[in-house]
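# turn this into a structure:
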Amino acid sequence: MARPDKSVDAEALALRLFGRIAGDPERLGVFLAETGLSPATIRAATREPGFLGAVLEHVSAHEARLMELAGEAEVAPADIARARAMLSPDADWEP
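The predicted model follows:
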């Protein structure tokens, strides 16, 4: 597992993780179901300010999902938590 990086680029990390989600039909289906988005609305949603924070909240919502995506993206789960705190400062999270 990768070591935490103190200088996480939160937006770049969220985009990278969203790319992994969007590239897998099963993961994308779960993301759409959990966020209430649809294939017709997702493109517009990606332009909204809170979208990337929502991606990180989705990734962090389930430990197995977090660990799997962190491993695939070669980042530490702590980096995802740090990025989530940057993009969703009101979210309830543990450092």
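
# how about the most centrally placed residue in the chain, what does it touch?
The centroid of the chain falls nearest to L56 when counting by Cα atoms, centre = their mean (2.7 Å). L56 makes contact with A10, L13, A14, L17, I80, A83, R84, L87, S88, according to Cβ atoms under 8 Å, 6 or more residues apart in numbering. From N, CA and C alone the C-beta is placed, and that goes for glycine too.

# ok, the residue in the chain sticking out farthest from the centre to L13 distance?
Distance from the centre of the chain peaks at A40, with 20.2 Å (Cα atoms, centre = their mean). According to Cβ to Cβ, to the nearest Å, A40 and L13 sit 27 Å apart.

# max-length helix in the protein?
Ordering each helix of the chain by length in residues (DSSP state H) puts helix 10-22 first.

# name the helices or strands packed onto that helix?
Helix 10-22 sits against helix 25-35, helix 51-60, helix 63-73, helix 77-87, with contacts defined as 3 or more Cβ pairs under 8 Å, 6 or more residues apart in numbering; DSSP states H and E.

# distance to A45 and mean pLDDT for the ones you listed - can I get that in a markdown table?
A markdown table is the format used below for these (distance: least, Cβ to Cβ, whole Å; pLDDT from 0 to 100):
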| stretch | distance to A45 | mean pLDDT |
| --- | --- | --- |
| helix 25-35 | 8 | 95 |
| helix 51-60 | 5 | 94 |
| helix 63-73 | 19 | 96 |
| helix 77-87 | 14 | 92 |
